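build me a structure from this.
(2 chains)
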Number of protein chains: 2
Amino acid sequence: MARTGRRPGNQDTREAILASARDAFAERGYDGASIRNIATSAGVDPALVHHYFGTKNQLFIDAMQFPLDPAVLLPQVAAAGLDGFGERLMRTMLAVWDSKAGGPAAAFIRSAVSNETMARLLREFVIQRILRRMSKELPIDPAEAPWRLMMVASQVAGLIMVRYIIKIEPMASAPPETVVALFAPTIQRYITDPLSALI
Amino acid sequence: MARTGRRPGNQDTREAILASARDAFAERGYDGASIRNIATSAGVDPALVHHYFGTKNQLFIDAMQFPLDPAVLLPQVAAAGLDGFGERLMRTMLAVWDSKAGGPAAAFIRSAVSNETMARLLREFVIQRILRRMSKELPIDPAEAPWRLMMVASQVAGLIMVRYIIKIEPMASAPPETVVALFAPTIQRYITDPLSALI
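This next block holds a predicted model:
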């Protein structure tokens, strides 16, 4: 069963750490869970957790079986600036969801929607790992950033629902370029249109 | 247990019909399920199903425990025309989801997202009962209508996810008027902005 080619002992240790991490994140949330506690429940030294997984963020990604890390991808999209942000975000999002990473991502969304513990994890992950980093990268008013980013998140989340989860045509089978053309202007407006009179 | 005030015998018959209906819709989908089959599995005459529930649509609404019927509400929003459609749709959607109807609606979305059978039902219900009726009411190009309505659906679905299911601030607690102001222009553009070059 050693499909990664690691020796079985190491594989067992990794799996034990991942299982403890899933329990800890589910029980205590992202912020409440610590590498130290996770190591203790897995019966290993914290240094070994760092050795296998690096940071708590990476351990979370691996425990949740995300094939790509949105907390890395999305701040990169933001770091390229306001010009063309909507189009870049749409392209990145479609590239990930149309790839083989789409299956595990859909599974995570399904569990977050049907389970309050997973919803809390998704909420914390979206807020702590993605939105805060994106607002640091984007040159927008910090008071408006949470509103703007949640407007973007709502459009992206709904597109994910329609195209990948509930799968309603014509969105489910539309070519990625069409989907980018349809939604990029909305994302761009949510980031750059005047907002202060509304909130 | 006769909380509706009906005699227990009638209540049992109603419940038996609703249970058969849920099974039939789950097994055969909305289109495949028939009043006749549902009556047969419940051991009653089809006339009795019509007597209690009227149409198949109403039986579906009752079986799924929707407190309000989106297949009635949403075509009304469309029938008032293109002017102000975005704002009317947002107000109707927020009025329903912020009311006590929001709980059962969220439960239905949760089950549709986590269960393929329920996803199929939601898909069929959205397409057959809501989108087709709305496209008849709205004076828009029939070739563009499915695209426009699924763009609207994607923004509304994502707002539901962020505000009512995952509950991320500032959207989760924003006053309804603020949410209307933020999203109505997008809904309006999805219905009236030029689209033919994009699809």
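
and A:Q65, its phi and psi?
Main-chain dihedrals, A:Q65, degrees, to the nearest 10: phi 60, psi 40.

mean confidence for the lengthiest helix in chain A?
In chain A, with assignment by DSSP state H, the single longest helix is helix A:8-32. For helix A:8-32, the mean per-residue pLDDT is 83.

is chain B contacted by it?
No. On the criterion Cβ under 8 Å from any Cβ of the partner chain, helix A:8-32 is out of touch with chain B, staying 13.8 Å away. Where C-beta positions appear, they are placed from N, C-alpha and C, glycine not excepted.

nearest residue to A:F53 other than its sequence neighbours?
A:L59 (4.1 Å; Cβ to Cβ, 6 or more residues apart in numbering or on different chains).

now swap in A:R14 and tell me
Counting by Cβ to Cβ, 6+ apart, the residue nearest A:R14 is A:Y52, at 5.7 Å.

contacts only, for A:I187.
By Cβ atoms under 8 Å, 6 or more residues apart in numbering or on different chains, A:I187 lies in contact with A:85-86, A:89-90, A:152, A:155-156.

among those residues, name the buried ones.
A:85-86, A:89-90, A:152, A:155-156 (16 or more other Cβ atoms under 10 Å in any protein chain shown).

next, count neighbours for the residue in chain A that chain B sits nearest to.
Of all residues in chain A, A:G158 sits closest to chain B, at 2.5 Å by Cβ to the nearest Cβ. A:G158 has 24 neighbours, counted by other Cβ atoms under 10 Å in any protein chain shown.

what's the angle from whichever strand or helix holds it to helix B:145-160?
When elements are assigned from DSSP states H and E, A:G158 belongs to helix A:145-160. If you take axes from the mean of the first three to the mean of the last three Cα atoms, to 10 degrees, helix A:145-160 sits at 130 degrees to helix B:145-160.

packing partners of helix A:145-160?
helix A:85-98, helix A:132-137, helix A:176-192, helix B:145-160, helix B:176-192 (3 or more Cβ pairs under 8 Å, 6 or more residues apart in numbering or on different chains; DSSP states H and E).

quick one: contacts of it?
A:89, A:93, A:97, A:106, A:109, A:126, A:131, A:134-135, A:138, A:140, A:171, A:179, A:183, A:186-187, A:190-191, A:195, A:199, B:153-163, B:166, B:168-171, B:182-183, B:186.

just the buried subset of the residues you listed, please.
A:89, A:93, A:97, A:106, A:109, A:126, A:131, A:134-135, A:138, A:140, A:171, A:179, A:183, A:186-187, A:190-191, A:195, B:153-163, B:166, B:168, B:171, B:182-183, B:186.

could you list the domains of chain A?
For chain A, the structural domains run A:8-63, A:70-192, going by automatic domain parsing.

which phi and psi does the spatially most central residue of chain A have?
With distances taken as Cα atoms, centre = their mean, the residue of chain A nearest its centroid is A:P70 (4.1 Å). Per-residue torsions, A:P70: phi -60, psi -20 (degrees, to the nearest 10).

ditto for the one 3 residues further on
Dihedral angles of A:L73 (phi, psi; degrees, to the nearest 10) stand at phi -60, psi -50.

what's the nearest residue to it if we skip its chain neighbours?
Nearest to A:L73 is A:T92, by Cβ to Cβ, 6+ apart, at 5.8 Å.

point out where chain A drops to low pLDDT.
Scanning chain A for pLDDT under 70 picks out the ranges A:1-9, A:67.

before we move on, back to that, you'd agree the residue nearest to the centre of chain A is up against A:R133?
No. In this structure A:P70 lies outside contact range of A:R133 using Cβ atoms under 8 Å: 10.1 Å.

nearest to B:E27, out of the helices and strands packed on helix A:145-160?
helix B:145-160 (25.6 Å; Cβ to Cβ).

how deep is A:Q76 tucked in, by neighbour count?
A:Q76 has 13 nearby residues by other Cβ under 10 Å.

other residues contacting the host helix or strand of it?
Following DSSP H and E, one finds A:Q76 within helix A:70-79. Contact partners of helix A:70-79, identified using Cβ under 8 Å, 6+ apart, comprise A:57, A:61, A:85, A:88-89, A:92, A:96, A:125, A:129-130, A:133-134, A:136-138.

just the CA coordinates of it, formatted as CSV?
The C-alpha coordinates for helix A:70-79 follow below in CSV (Å, rounded to 0.1, in the frame of the first residue of the first chain):
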residue,chain,number,x,y,z
PRO,A,70,-5.5,28.6,-2.3
ALA,A,71,-3.6,30.6,0.3
VAL,A,72,-0.6,30.7,-2.0
LEU,A,73,-2.4,30.9,-5.4
LEU,A,74,-4.9,33.7,-4.5
PRO,A,75,-2.4,36.2,-2.9
GLN,A,76,-0.3,35.8,-6.1
VAL,A,77,-3.3,36.8,-8.2
ALA,A,78,-3.7,39.9,-5.9
ALA,A,79,0.0,40.8,-5.9
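
and the angle for that helix with helix A:85-98?
150 degrees.

for helix A:70-79, buried residues please.
Neighbour count says helix A:70-79 has A:70-71, A:74-75, A:77-78 buried, by 16+ other Cβ under 10 Å.

can you check stretch A:10-17 too?
For stretch A:10-17, by 16+ other Cβ under 10 Å, it's A:13-14, A:17.

can I get the CA coordinates of that stretch in PDB?
Only the C-alpha atoms of stretch A:10-17 are listed here, as PDB (Å, rounded to 0.1, in the frame of the first residue of the first chain):
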ATOM      1  CA  ASN A  10       7.200   6.700   7.900                       C
ATOM      2  CA  GLN A  11       4.000   6.500   6.000                       C
ATOM      3  CA  ASP A  12       2.200   5.300   9.200                       C
ATOM      4  CA  THR A  13       3.700   8.200  11.100                       C
ATOM      5  CA  ARG A  14       2.600  10.700   8.500                       C
ATOM      6  CA  GLU A  15      -0.900   9.200   8.500                       C
ATOM      7  CA  ALA A  16      -1.100   9.300  12.300                       C
ATOM      8  CA  ILE A  17      -0.100  13.000  12.200                       C
END
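
how far out from the middle of the chain is that stretch?
On the basis of Cα atoms, centre = their mean, to the nearest Å, stretch A:10-17 sits 24 Å off its chain's mean C-alpha point.
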